[in-house]
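Undergrad: Return a 3D structure for these sequence lines:
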Amino acid sequence: MKTVVIGIVGTKLDRGAGKRRWDTWRPSVDLCRHDDLVIDRFDLLASREGMEIADRVAADVRQVSPETELKVHPLGFPDPWDFEAVYAELHDFARRYPFKPQKERYLIHMTTGSHVMQICLFLLCESRHLPGKLLQTSPPTAKNRGQPGTYSIIDLDLSQYDQIARRAKEAQREATDVLKSGIRTRNPAFNALMGRIEQVAGNTRAPLLLTGPTGAGKSQLARRIYELKASRRQVDGPFVEVNCATLRGDGAAAALFGHVKGAFTGAVQARPGLLRTAHGGVLFLDEIGELGLDEQAMLLRAVEDRTFHPLGSDRPAESDFQLIAGTNRDLQLAVEEGRFREDLLARIDLWTFRLPALAERPEDLEPNLEHELEVASRELGRRVSFNSEARTRFMTFATSPRALWTRNFRDFKAAVSRLSTLAPGGRITAALVEDEIARLESTWGTRLNVQVRGTHARSTGRNVLRSDATPGSPPHRLDVQEEGDDIRLRALLGEAADALDPFDRVQLAHVLGVCQRASSLADAGRALFAVSRTKKATRNDSHRLRQYLQRFGLQWAQVRGAGAHA
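TA: Numbers count the residues shown, from 1 in each chain. Next up is the predicted model:
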């Protein structure tokens, strides 16, 4: 392969005239005097003030290295210290250059030119706009005067440097550990998700949208993202969190955007609002789907323009923050129903990450158990642990079909907290575990479900009370099939199941039953759309079913996982 050098004329270092110029080290000329570095072509870039020097360098290179083809390329920027102009000119040169990496190897000479020029060459080399290695030259020592000096070649492909690669990998692992609260999770999909979030959060200030069922850990993850960005000096403001479900009416706009004195009855003094409080930091709006349409419009402007009007004020306020939004709802469905602005969804849906339910991560129960025990130990001021029998009993139950974990990690954390608080001497016993299992099953209605599905219940067809009947209302009784459907819906949707209309409950329960009996998404789609599919020219049953499930925030893997434990 031919060796090609790309360099810049040094208006000071490469300058020289008369016979005495050969007694001075001139990097661009002496580069062609090395016996072990044969340069086939030298592309010499020259600013306006360096053109005369470039011609002299070209003549001297032809004298010391006749085999080197030297080409002078004039650059148009007037000021070699103007970063924007220099970078644009060199970038355009790189785009025009006819690189032939299969036939030529490229060395980018970094010794000459202004510091701005050298930085721009480095950046273009690092970004591979200049697909070569850096070439650094140094003058000879006093005792080697008259020699060409020394040179070194630096490859910016960091994957070539094992130690640097290991350090970069370790830094990334530490970053994902921050996002996972230091828990060494084992679920491959979850670990990949955390790796992607680390990559995105570290490189953008665009809004992030965290979705997933209640209790999946959206609030904790939002705070960890903030802590990661703060550790990298990417934010210097606070982390501000608000649950939008708690905001109603004028109070919602006042809490978010602030208000002036007298803006409404009771506004006895001005308030800055949460958006201004989050200036320079991160604003986490949990359950963003609960915001009113007026507040959504104001939020959209605040995210896009960094400005908004506090209530009662005719002067805009400013706040520069990164938005993280959380929801367990299907926001696209909310848009279709007119409850959520489509333009706001488009703005916050650039980076969307779905957090899986606890049932989708059974292998992560054990490391999370260790984490919660450590948390409980710190809070209680004493070491808490399981005895061997109790630990086996708890983990067997936690990973069994009986453990619904309807509130996901909230249920799990609460269970470990209760066990730790009641543990005599900090030792959790099997008896405590049995009591906690009974409590959890009572909360989830699992025992009721087992009883209903028993032989006697099936033979008599007797009815049972629904476990979540509203206090004071006429008791609504569910037959055996309805109770099974209710348990299935609660296992997948948690508290969100209570918000379903009766029509949606019946339809969704039937769809879930078909999905959990089917061998694949396509198989379930064919069964559910058996009639309508015959009237379509293109049959995409899988897509239709996937869209239906997404209306309720469900994924195929999640539904199948629940079916496997049923």
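
Undergrad: got the residue ranges for the strands in the stretch 401-550 of the chain?
TA: Ranges of strands in the stretch 401-550 of the chain, per DSSP state E, counting those that start in this stretch, are 427-428, 464-465, 477-478.

Undergrad: Okay, now the sheet partners of the first one, with direction.
TA: Here the strand partners of strand 427-428, with direction, are listed using DSSP bridges: strand 385-386 (parallel).

Undergrad: returning to that earlier point: and the strands of the stretch 401-550 of the chain, which one is worst for confidence?
TA: Lowest mean pLDDT within those: strand 464-465, at a mean of 36.

Undergrad: so what's I53 up against?
TA: V9, G10, T11, D14, R15, A46 (C-beta atoms under 8 Å, 6 or more residues apart in numbering). Using the backbone N, CA and C atoms, a C-beta is placed for each residue, glycine as well.

Undergrad: what about 7 Å?
TA: With contact set as C-beta atoms under 7 Å, 6 or more residues apart in numbering, I53 has these partners: V9, T11, D14, R15.

Undergrad: Wait, the third one touches T111, no?
TA: No. Counting by C-beta atoms under 7 Å, D14 stays clear of T111, with 9.7 Å between them.

Undergrad: Looking at the two, which one has more neighbours?
TA: D14 (28 against 21; other C-beta atoms under 10 Å).

Undergrad: and that one, how far is that from Q199?
TA: Per C-beta to C-beta, to the nearest Å, D14 is found 43 Å from Q199.

Undergrad: so where's the protein shaky on pLDDT?
TA: Within the chain, the segments meeting pLDDT under 70 span 157-169, 250, 262-268, 446-484, 536-539, 561-566.

Undergrad: Out of the contacts of I53, which is nearest to H279?
TA: Lowest distance from H279 to the contacts of I53 (C-beta to C-beta) belongs to T11, with 45.9 Å.

Undergrad: Torsion angles phi and psi at the closest one?
TA: Per-residue torsions, T11: phi -70, psi -20 (degrees, to the nearest 10).

Undergrad: list the contacts for the residue nearest to the spatial centre of the chain?
TA: For the chain, the residue nearest the mean C-alpha position is I197 (1.9 Å; C-alpha atoms, centre = their mean). Contact analysis of I197 by C-beta under 7 Å, 6+ apart lists L179, I225, F353.

Undergrad: quick check, L70 in a strand?
TA: Yes. Counting by DSSP: H, G, I helix; E, B strand; the rest coil, L70 is found in a strand.

Undergrad: That one: neighbouring residues, count only.
TA: 20.

Undergrad: Check the one 3 residues further on too.
TA: Residues contacting H73 under the criterion other C-beta under 10 Å number 15.

Undergrad: Now name the helix or strand holding it.
TA: strand 69-74 (DSSP states H and E).

Undergrad: So which elements touch that strand?
TA: strand 41-46, helix 51-64 (3 or more C-beta pairs under 7 Å, 6 or more residues apart in numbering; DSSP states H and E).

Undergrad: could you give the angle of the longest one to strand 69-74?
TA: Helix 51-64 and strand 69-74 are oriented at 180 degrees to each other (axes from the mean of the first three to the mean of the last three C-alpha atoms, to 10 degrees).

Undergrad: which of the residues in helix 51-64 are buried?
TA: I53, A54, R56, V57, A58, D60, V61 (16 or more other C-beta atoms under 10 Å).

Undergrad: on that earlier part again, need the residues touching each of D14 and T111.
TA: With C-beta under 7 Å, 6+ apart, D14 and T111 have common neighbours P27.

Undergrad: and I153, what are its phi and psi?
TA: The phi/psi pair for I153 (degrees, to the nearest 10) is phi -110, psi 130.

Undergrad: Identify the residue nearest it in space, chain neighbours excluded?
TA: K133 (5.2 Å; C-beta to C-beta, 6 or more residues apart in numbering).

Undergrad: which residues in the stretch 251-400 of the chain form helices?
TA: Secondary structure of the stretch 251-400 of the chain, counting by DSSP state H, counting those that start in this stretch: helices at 274-277, 293-305, 331-336, 342-348, 365-380, 388-398.

Undergrad: With mean neighbour count and distance to W556 as added columns, please give these in a markdown table.
TA: Formatted as a markdown table, the helices of the stretch 251-400 of the chain follow (neighbours: other C-beta atoms under 10 Å; distance: least, C-beta to C-beta, whole Å):
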| stretch | mean neighbour count | distance to W556 |
| --- | --- | --- |
| helix 274-277 | 21 | 37 |
| helix 293-305 | 17 | 30 |
| helix 331-336 | 17 | 17 |
| helix 342-348 | 17 | 23 |
| helix 365-380 | 17 | 22 |
| helix 388-398 | 17 | 24 |
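
Undergrad: want to throw these into JSON lines with distance to H115?
TA: Formatted as JSON lines, these follow (distance: least, C-beta to C-beta, whole Å):
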{"stretch": "helix 274-277", "distance to H115": "40"}
{"stretch": "helix 293-305", "distance to H115": "37"}
{"stretch": "helix 331-336", "distance to H115": "50"}
{"stretch": "helix 342-348", "distance to H115": "40"}
{"stretch": "helix 365-380", "distance to H115": "49"}
{"stretch": "helix 388-398", "distance to H115": "61"}
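
Undergrad: wait, which of these is closest to P207?
TA: Closest among these, once you apply C-beta to C-beta, is helix 342-348, at 4.4 Å.

Undergrad: For the closest one, which outside residues touch it?
TA: P207, L209, Q296, L299, L300, V303, E304, L323, A325, L331, Q332, V335.

Undergrad: Would you mind measuring from the residue lying closest to E370 once chain neighbours are set aside to L373?
TA: Using C-beta to C-beta, 6+ apart and skipping the chain neighbours, the partner closest in space to E370 is I183 (7.9 Å). To L373, I183 is 12 Å away according to C-beta to C-beta.

Undergrad: same check, this time on A171
TA: Distance of A171 to L373, computed by C-beta to C-beta: 28 Å.

Undergrad: roughly how far apart are the residue nearest to I153 and K103?
TA: As for K133, its distance to K103 is 16 Å (criterion: C-beta to C-beta).

Undergrad: Between these two, which has more neighbouring residues?
TA: Using other C-beta under 10 Å, the more surrounded residue of K133 and K103 is K133, with 15 against 9.
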